[in-house]
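Peer 1: model this:
(chains A and B)
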Amino acid sequence: MAEIVLTNIDKRRTPAGGWRGIAADWSSDQRAFKNVSWGKAMMWIFLLSDTFIFGCFLLSYMTARMSTTVPWPNPSEVFALTIAGQHIPLILIAIMTFVLISSSGTMAMAVNFGYRRDWRKTAVLMLVTAAFGATFVGMQAFEWTKLIMEGVRPWGNPWGAEQFGSCFFMITGFHGTHVTIGVIFLIIIARKVWRGDFETERRGFFTSRKGNYEIVEITGLYWHFVDLVWVFIFAFFYLW
Amino acid sequence: MVDVPSDVFAGIPPAEVGEVDLYHPRSWWTRYVFSQDAKVIAVQYAITAMAIGMVALVLSWLMRLQLGFPGTFSFIDPSQYLQFITMHGMIMVVYLLTALFLGGFGNYLIPLMVGARDMVFPYANMLSYWIYLLAVLVLASTFFVPGGPTGAGWTLYPPQAILSGSPGQEAGIVMMLVSLILFIIGFTMGGLNYVVTVLQGRTRGMTLMRLPLTVWGIFTATVMALLAFPALFVASVMMLFDRLLGTSFFMPMLVEMGQQTKYGGGSPLLFQHLFWFFGHPEVYIVALPAFGIVSDLISTHARKNIFGYRMMVWAIVGIGAMSFVVWAHHMYVSGMNPQFGFFFATTTLIIAIPTAIKVYNWILTLWRGNIHLTIPMLFALAFIITFVNGGLTGLFLGNVVVDVPLSDTMFVVAHFHMVMGVAPIMVVFGAIYHWYPKVTGRMLNETLGRFHFWVTFLGAYAIFFPMHYLGLLGVPRRYHDIGQTAFVPASAHDLNAFMSIAALVVGFAQLVFVFNMIWSLFKGKEAGGNPWNATTLEWQTPQTPPAHGNWGRELPVVYRWAYDYSVPGAARDFIPQNEPPARSAPQGIHP
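Peer 2: Numbering: from 1, shown residues only, chains lettered A, B, ... in the order given. As a prediction, this is how the structure comes out:
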């Protein structure tokens, strides 16, 4: 089903801004969000739903941490690395956070070049974003390995409350899965951009629909969301 | 109610949509099996939901046999009884009612009622059904694994759900949780489609305040489901880890069979909060589509506009929002701070206000209407009565001091069966009798339908009305056999036997209904395009059943709200939504 070109936008009336504009849009026909495509609306609503998933995970973690009677391991100590004889707390997490936030920057540039129809730069920037994401997941794997070597398991750890390990593996695992899916998503879309699908209006393999450069922005929405979630995990799990 | 000046559309050519962007099926497989057409997906959802619902119906028979005639059926042991209860509850609430209302009616009615050609993302919609089917198959296969399905009760409370004392601890609970996770993933794919279709996929002239209440109910319920199912998803994942990896999210330190378990430090209350943060909105996820559909049934079959349309819409939205802040009224006996009890009792009673508004508006719609006692109307009336009944007992259970003695008795079972079992099922039946002619092009048999209605309606009261009394006596729920106790008089046992016989009769009446659906598919009376003389868009399609793409070449244009029945001065007693106002009718789109 194709998106319908809006034919009845009244050119005589200037669109109202602010609350009046919102009220006018919501009481109009066809679309509640006037310049938002179906795909973008769907991604926003999905992200709202996903927010509730991460919200529940984080709230559960906070409940466990606040109600435990056993000491909670100190994250600054647990996630410290000794580099060149220096004992630096949270250094790996800091680098991971930096990498992920940088990837949001390259993603935003990809969206910009996408709308300029500069397919070469768009595809390259998306691949750079994917590479940052893969680096993040790689460092996550390194961190998991290090903790597992030190004896941290989902059902216990040497330093205190066993919920520490279970929450850590569950939350970072779930977030890492999101990043991995994002990397795959980015590579697929970058390939489409590189091949020129959106110039030639090639149809999708599964959906047999024509795409356009907006999919770069939709991918970007997801990517920025995953990034934002990491900021909350960083604040609540590592810095608390 | 033509609330837009009629010259707004003057001179605008009708919207045309290129044929090309609809995915056209090329083979039998893509037309009927792996179809991307929302109408086919709806029928697939409905058939799957009803099939697994029949399993749950048989389970309820087995439970009633045991309760009515304890000791007679030696093949039902206590473990199996608990398994039957669990599977009956979970199937009926999630896999039948949620799937049927949102996946079945939502898929069929949303695109047709808002004047769209299909859901916005048909491919994701198709995936939604197949993942749902997978979830159902995983659930059904637990009957055949070692240890059988889980017997933890549909609420799956830890710690007992995963301890060895509970039946189905081996594989049943794991597969139940996996099935729920699959269901949520599948539902999310469909749910996003429904929401975006309503918000962004409407036809010209279809404003939100012209949507039929059916769409409002399903839309609000879907938004709620997208926000409530995450809590169940998280709870399921965490319990799965507790069971499989030995984490202790929900498991406190405890002794089992004289041995200390490996668990320690988890919070069972956390699970209850997560579960009911999903569980209470779930009640309204089932109820709101029923509210919406019944409004349309009443208005159409009483030939009268719905009373207080805007109030009805805001009541639906208000109930949806309120339902997220009442969840802990399921936990009065769980050991909460009394201040919380006070808060949640207050919000629970406040939610009765929009609900009461809706009931009054249904009654005022009927008031001096031209009531046709068709089968959909009978079911709609039965819904109002049953819902009021169940709602009133809800006021008992919503108050902490009254709830505490009634908690975990048959009174609770009677209450929720009335309010979210029988009442929505009445709407499901009414809706099937109402829309079957559109889906198949044939009417359901009237005589069989009336038989089905009266047996189901009176039978449901024969089952659940006495159950309130048993609950007041103190008969506990979830007991395999209450035996001889001082506070349960012998007459209560006779009552139990009576209820069980009623349950068997009601169950068999559903077989009549299934027979009617199959028989009428081939032998039913030809329905024509609009047998009920209804106004909403789905009855104005060029073909019946509607073809792929719904509308032929041109999308309909909407000029009025969905409830122009018995308009004074009009030629007929209904004016379809796509009929232009008389003054400036350009070409005259007459159905």
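Peer 1: okay, CA-based contacts and neighbour counts for the rest of this
Peer 2: OK.
Peer 1: wait, isn't residue A:164 in contact with residue A:74?
Peer 2: No. Applying CA atoms under 8 Å, one finds residue A:164 not in contact with residue A:74, separated by 9.8 Å.
Peer 1: which one's more surrounded, these two?
Peer 2: The neighbour comparison of residue A:164 against residue A:74 (other CA atoms under 10 Å in any protein chain shown) goes to residue A:164, with 25 against 14.
Peer 1: list the buried residues in the longest helix along chain A.
Peer 2: Using DSSP state H, we find that the single longest helix of chain A is helix A:163-195. Within helix A:163-195, the residues that qualify as buried are A:163-173, A:175-176, A:178-180, A:182-183, A:185-187, A:189-194, counting by 16 or more other CA atoms under 10 Å in any protein chain shown.
Peer 1: repeat that for stretch A:46-59.
Peer 2: Buried-residue list, stretch A:46-59, by 16+ other CA under 10 Å: A:46, A:47, A:49, A:50, A:51, A:52, A:53, A:54, A:55, A:56, A:57, A:58.
Peer 1: show me what the longest helix of chain A is packed up against.
Peer 2: helix A:38-67, helix A:119-149, helix A:214-233 (3 or more CA pairs under 8 Å, 6 or more residues apart in numbering or on different chains; DSSP states H and E).
Peer 1: out of those helices, flag the one nearest chain B.
Peer 2: helix A:38-67 (4.8 Å; CA to the nearest CA).
Peer 1: mean confidence score for the closest one?
Peer 2: Averaging pLDDT along helix A:38-67 gives 95.
Peer 1: quick one: distance of it to the chain centre.
Peer 2: 12 Å (CA atoms, centre = their mean, to the nearest Å).
Peer 1: now that helix and helix A:214-233, what's the angle there?
Peer 2: Angle between the axes of helix A:38-67 and helix A:214-233 is 10 degrees (criterion: axes from the mean of the first three to the mean of the last three CA atoms, to 10 degrees).
Peer 1: ok, residue B:48 - contacts?
Peer 2: Going by CA atoms under 8 Å, 6 or more residues apart in numbering or on different chains, residue B:48 touches residue B:133.
Peer 1: a helix runs through it, doesn't it?
Peer 2: Yes. Assigned with DSSP: H, G, I helix; E, B strand; the rest coil, residue B:48 falls within a helix.
Peer 1: next one: it from chain A, what distance?
Peer 2: Applying CA to the nearest CA, to the nearest Å, the value for residue B:48 to chain A is 24 Å.
Peer 1: where does that residue land on pLDDT?
Peer 2: Looking at residue B:48, its pLDDT is 97.
Peer 1: show me where pLDDT drops low in the chain?
Peer 2: As the question left the chain open, I've gone with chain A. For chain A, the stretches flagged by pLDDT under 70 are A:1-15.
Peer 1: wait, I meant chain B there
Peer 2: For chain B, applying pLDDT under 70 flags the ranges B:1-22, B:583-591.
Peer 1: residue B:102 contacts residue B:218, correct?
Peer 2: Yes. If you go by CA under 8 Å, residue B:102 and residue B:218 touch, sitting 6.4 Å apart.
Peer 1: comparing these two, which residue is more hemmed in?
Peer 2: Using other CA under 10 Å, the more surrounded residue of residue B:102 and residue B:218 is residue B:218, with 33 against 29.
Peer 1: wait, the more buried one sits on residue B:106?
Peer 2: Yes. Residue B:218 lies in contact with residue B:106 (CA under 8 Å); the separation is 6.2 Å.
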